[in-house]
Each structure stands twice: as C-alpha cells, then as structure tokens.
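Enquirer: based on what follows, work out the 3D shape:
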Amino acid sequence: MRVLEADGEVRVRVVADAEMAAAHLEYAEVEGTTDVLTFDMSEPNADGTRMELDVDVLACLDEAGRQAERRGHPVRCELLLYVVHGVLHCLGFDDHDDEEYARMHAEEDRVLEAIGVGSVFGGASGGVSGAGATGEGPR
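Expert: Numbers count the residues shown, from 1 in each chain. Prediction:
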C-alpha cells in the first residue's frame, strides 16, 4: 500500500528529554526539549526536484508520553505522529500560518488513518495548536 507519493529512507531515533534538549539547542538554537527534530539529508536533482527522501528524525519519548496522556492515546501513536510530521516537512508541508497548519495536520491524520492508526493529532481533542516545545504537539 502506498500512502505518500515518495520513495526513500527515513531513520528514526527515539531519545529522552535531556538528549532532545541538547539537540534542540545545538541544531535550532532553542533551549529546552521539543517533540521532534527532522533532518532532511535529501539531495535535489539538477532541476531542483527531489529524487528520494533521505531523512533522519529525532523523536522525544518523554514529550510523546506527556502528549499521549493529554490526548488519550498510546505513546506509540504519538511517536508515529512525530515521524509523519517530520516526513511531511521534507515533502514541502509547513505549519507556520493557520492555513498551512490546518493542511499539514489534516494530511498527518490522513496518513495515519490510511495505515490503520487513526487520527492522532486532532482525533482525541478535536485538534490543538501550538509548538511542541510548549507541550501542544507538532507544529
């Protein structure tokens, strides 16, 4: 079953708050933990298009635990949300304004429903807004 129009490789490393906070500071120059950091290692073709995904995802288990409890679903579902969120960023999705935010999170839920997990981001509470570092979920 093909859910996304993308081929390639996605590597995921699950870490605790301390390691995530260190990575958040090193790579984003932001203090404190966050839910997910994504590193797009893909190289574009000569015409600027992407040939294949090559993605590293750093997902925070502690933040996933807090969000899963708040949203009322298993931690594994929250971690899957973080991975999908990171991959979608690499496919050109963004969440920096309200319209893009809604589009990206609708696509997250579509992907998670297609693989049998169900709606995670908006499923438990009807949707939330805000950034992971504030405990509100991927943004």
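
Enquirer: and the end-to-end length of stretch 109-118?
Expert: 7 Å (CA to CA, to the nearest Å).

Enquirer: contacts for it next, please.
Expert: 1, 3-4, 77, 80-81, 84, 88, 119-123 (CB atoms under 8 Å, 6 or more residues apart in numbering). Where C-beta positions appear, they are placed from N, C-alpha and C, glycine not excepted.

Enquirer: ok, now with 7 Å
Expert: Residues from elsewhere that reach stretch 109-118 (CB atoms under 7 Å, 6 or more residues apart in numbering): 3-4, 77, 80-81, 84, 119-123.

Enquirer: kindly report the same for stretch 11-30.
Expert: Contacts for stretch 11-30 (CB under 7 Å, 6+ apart): 31-34, 37, 56-62, 79, 83, 133.

Enquirer: residues contacting residue 75?
Expert: Per CB under 7 Å, 6+ apart, neighbours of residue 75: 64-65, 68.
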